[in-house]
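In: Sequence first, then the predicted structure:
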Amino acid sequence: MTDRRFPDLSDAQLLERHLQGDTDAFGQLFLRHRDRLWAVAVRTLCDPEEAADALQEAMISAFRRAGDFRGDSAVTTWLHRIVVNASLDRLRRKTAHAASSVGDEGALDLLATQGRVPATTDPASVRDTALDVEAALRLIAPEQRAALVLVDMLGYPVADAAAVLDISVGTVKSRCARGRARLLPHLEHLRAGAEGKDPPAEERFARNRTASGSVSPGQGGEG
Amino acid sequence: MRRRSAHVDASVLAELSAGMISGRRATRIHAHLAGCQRCARVSAGLSEVSLLLASVPHSAMPAAVTSRLSAAIADEAAAGTPVRLASGETSRRAERAGSGRSKSRLARPVALRGFAAAAAVCLLAAGGYTIVQLTSPGRSGPGLSPGANAGLQTHGGRAGAYDLSPSPRQGTIIRPSLSPASPPVFGVRTTGTNYQPATLGAQVGKELSSIGKLSGNKAYGEPLQRPPTAQQEGCVLSITSDVQPTLVEAARYQGHPAMVIALAPETGQLGQAWVVGPECSAAKSDILAHVQLSPAGASQRAQ
């Protein structure tokens, strides 16, 4: 990143500067990681406004509790954990308020009206797929969603996700597995092999890779 | 083996592919899968769910949110940074003179409704923040060195610079893994391009030349770009031997999900392009194809 004042400082060093009274250090830490933290919050909460509020809460809380950071995990893990917790807390408060799922029906409506994504490959269809996936994600339990966001969407190793969520690796795996199983019926229409709905030629997502004939591992010749 | 008729629940199949089931139970399910089309289809579908989730591009934090949060943090800092006590608890440093409370009053009410029309909001937010920065010289209380002050202004300027781009930010550089590793150096373009063995070199050459011509003002012409996952970063850097790739593209190869990694040719040096499968990581290269690229964009197959 192009940190101008702190180009060479690690996250942990930035946090230490913060604790030493440097008033810019924490802001810089936030700027370094904002996009990932944003992705976590917005995917977990399925709502940009809520995500912005949760992130603000989380950042202020992290700012104040920086002294609690013990260095037994990466600073980013700690920041992610605070953001995930703030997001899940927000969801719990919200469900406690509104007895239940207006949101779910809205999402189902959206799914219904979206229809199938045409199997073209322009960026617009990538966006449509994204909308469908987002709508489907609303339908699963927040804890499963948070695990899937970290592991499947952001590609974190399961162990990292476990550290962020403060649960065991096995629990992460199980939440992801159950989440995927819940999502499957809602994403069926995006699949290539979905019950003959899509012409097989227009595969968006390959069924498996065994058909790939020209695997030439490690070919590094000079042509 | 046993009754083939009893279908396996999707969540059990998901647990199986997550590696949570082993031993005889796993053997039994595998045997069932071998003979049951319906369950095999569900199982394939489950791995596609993961691919589908991974294919959703992430947008950068909207400018309005960045400004608002930066302001909130600066505001908090103006009220004092925390101090670590011997007990491990933190308490707040004494209030500083010249608190910049006014800053967040301006920055916070930025409406977040209607993100679709974010460009205008971004401009307002960035502008507003910058103005606040410029018009609050009283901020430099006794605790703030001139350097610190300059740093704060830099934040505003940087946020502004990012925020003015109306389309999803290209070339997003984000720390890709949770460990404090070296900074990542590339973004992953998401395209639907279906690369083929016969035309791989030409296709990559075309892609590379389109990067060269990037003007950044085609609204939808540019592929979406996202930060690499930890796995992708490990894969790419191990394949290029830590050389910054010119192009990393999540695309397809012969219809299957694949990632294309390319180093553009330079004077006196051929370019390289690799196609890797979804398994590719720092530990496993999973190379499906490799070509060398001549400067003209023509290619020579490696085989």
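Out: Happy to help now that I have it. None of the values given here were measured: they were computed from a predicted structure. Numbers count the residues shown, from 1 in each chain, chains lettered A, B, ... in the order given.

In: Starting from the worst-scoring helix or strand of chain A on mean pLDDT, tell me the next helix or strand along the chain.
Out: Ranked by mean pLDDT, DSSP states H and E, the weakest helix or strand in chain A is helix A:102-114, scoring a mean of 44. Using DSSP states H and E, the helix or strand that directly follows helix A:102-114 along the chain is helix A:123-137.

In: and that next one, what's its mean pLDDT?
Out: Helix A:123-137 carries an average pLDDT of 80.

In: packing partners for that helix?
Out: helix A:102-114, helix A:169-187, helix B:37-55, strand B:188-195, strand B:224-226 (3 or more CB pairs under 8 Å, 6 or more residues apart in numbering or on different chains; DSSP states H and E). Quick note: C-beta positions are derived from backbone N, CA and C, even for glycine.

In: Tell me the buried residues in that helix?
Out: A:123, A:126-130, A:132-137 (16 or more other CB atoms under 10 Å in any protein chain shown).

In: Pick the most buried one from the helices and strands packed on helix A:123-137.
Out: Counting by mean count of other CB atoms under 10 Å in any protein chain shown, strand B:224-226 has the highest mean neighbour count of these, with a mean of 24.

In: is any part of the longest helix anywhere in chain A close to chain B?
Out: Using DSSP state H to define each element, chain A has its longest helix at helix A:75-97. Yes: against chain B, helix A:75-97 shows contacts by CB under 8 Å from any CB of the partner chain at A:75-77, A:80.

In: quick one: which of those has the most company?
Out: A:His80 (27 neighbours; other CB atoms under 10 Å in any protein chain shown).

In: B:Gly268: which of the helices and strands packed on helix A:123-137 is closest?
Out: strand B:188-195 (26.6 Å; CB to CB).

In: Could you name the helices and strands sitting against that closest one?
Out: Using 3+ CB pairs under 8 Å, 6+ apart: strand B:188-195 touches helix A:123-137, helix B:200-212, strand B:224-226, strand B:247-253, strand B:256-263.

In: 7 Å instead?
Out: The elements that strand B:188-195 packs onto, with contact taken as 3 or more CB pairs under 7 Å, 6 or more residues apart in numbering or on different chains; DSSP states H and E, are strand B:224-226, strand B:247-253.

In: Let me know the angle separating that strand from helix B:37-55.
Out: 130 degrees (axes from the mean of the first three to the mean of the last three CA atoms, to 10 degrees).

In: Give me the angle between strand B:188-195 and strand B:247-253.
Out: 40 degrees.

In: Domain boundaries for the chain, per the record?
Out: I went with chain A, as the question did not name one. A:7-98, A:101-198 (automatic domain parsing).

In: ah, no, chain B please
Out: According to automatic domain parsing, the domains of chain B span B:10-55, B:63-163, B:188-301.

In: avg pLDDT for the first one?
Out: The predicted model assigns domain B:10-55 a mean pLDDT of 91.

In: what do you get for stretch A:46-61?
Out: On average, stretch A:46-61 scores 94.

In: Check stretch A:22-30 too.
Out: Mean predicted confidence for stretch A:22-30 is 91.

In: what packs against the longest helix of chain A?
Out: Helix A:75-97 packs on helix A:11-19, helix A:25-45, helix A:48-64, helix A:142-148, helix A:158-165, going by 3+ CB pairs under 7 Å, 6+ apart.

In: JSON lines please, covering these and showing distance to chain B and mean neighbour count.
Out: As requested, those are exported to JSON lines (distance: least, CB to the nearest CB, whole Å; neighbours: other CB atoms under 10 Å in any protein chain shown):
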{"stretch": "helix A:11-19", "distance to chain B": "5", "mean neighbour count": "19"}
{"stretch": "helix A:25-45", "distance to chain B": "4", "mean neighbour count": "25"}
{"stretch": "helix A:48-64", "distance to chain B": "5", "mean neighbour count": "21"}
{"stretch": "helix A:142-148", "distance to chain B": "6", "mean neighbour count": "24"}
{"stretch": "helix A:158-165", "distance to chain B": "4", "mean neighbour count": "22"}
